[in-house]
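S.K.: Just need the structure, nothing else, for what follows:
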Amino acid sequence: MALTTLPLASGKRHKGVFESLGWTVRSESNHIVLTHPHYPEVFLSIPNHPEVKKQTLKKIVRDAGLSDEQYAVFFHGITSQVQRIEDDEDLFRETIENGQTRVHCMKCGQQICHTAEPPEIAAAKENHPSSCAGSITA
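M.R.: Below is the predicted model:
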């Protein structure tokens, strides 16, 4: 994803996206510092500004182990008021948008299912590799 397609938003808005991905706020002043329980040696530092520069956001997204595309899925899902309906032990996130359920693996960020049928959702979760290594690296 090119820099021109990264979302321009406030540090607080980006903080909300990362919190939905399991990151927690360690401190908040001029910068919002986040940590993740699965990756304790990784720290994200988001400028607490009205608008975070795209170049800065790109580095933060990389530090979190995400691609621009993965981050865009989560950013637009959160900011478009998608309803979060279920977490399966923090492995999958289900959201409903326009009557369709989207299921994302929280380790790799991949959308594994987009349907309105519960049996298809269950099958997609079961078929996603339980050994998914994810893209987040320490």
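
S.K.: can you tell me how far the residue in the chain sticking out farthest from the centre sits from residue 126?
M.R.: Distance to the chain centre peaks in the chain at residue 119, reaching 24.9 Å (criterion: Cα atoms, centre = their mean). For residue 119, the distance to residue 126 equals 10 Å [Cβ to Cβ, to the nearest Å]. No exception for glycine: its C-beta is placed from N, CA and C like everyone else's.

S.K.: List the contacts of stretch 107-123.
M.R.: 66-67, 70, 73-74, 91-92, 94, 99-105, 124-125, 127-128, 132-136 (Cβ atoms under 8 Å, 6 or more residues apart in numbering).

S.K.: can we see that at 6 Å?
M.R.: 66, 70, 99-105, 124, 128, 132, 134-135 (Cβ atoms under 6 Å, 6 or more residues apart in numbering).

S.K.: Return the subset of those residues lying in strands.
M.R.: 100, 101, 102, 103, 104, 105 (DSSP state E).

S.K.: ok, so of the residues you listed, who is nearest residue 48?
M.R.: residue 104 (27.0 Å; Cβ to Cβ).

S.K.: I'd guessed the closest one sits against residue 91; true?
M.R.: No: the pair residue 104 / residue 91 is not scored as a contact, 10.0 Å apart, by Cβ atoms under 6 Å.

S.K.: of these two, who's got more company?
M.R.: Set residue 104 next to residue 91 and count neighbours by other Cβ atoms under 10 Å: residue 104 wins out with 21 against 14.

S.K.: so what's the more buried one bridging to?
M.R.: residue 93, residue 111 (DSSP bridges).

S.K.: on that earlier part again, mark which of the ones in strands among the contacts of stretch 107-123 are buried, thanks.
M.R.: Among the ones in strands among the contacts of stretch 107-123, those buried by neighbour count (16 or more other Cβ atoms under 10 Å) are 101, 102, 103, 104, 105.

S.K.: Not including adjacent chain positions, what is the nearest residue to the third one?
M.R.: On the basis of Cβ to Cβ, 6 or more residues apart in numbering, the spatially nearest residue to residue 103 that is not a chain neighbour turns out to be residue 113, at 4.1 Å.
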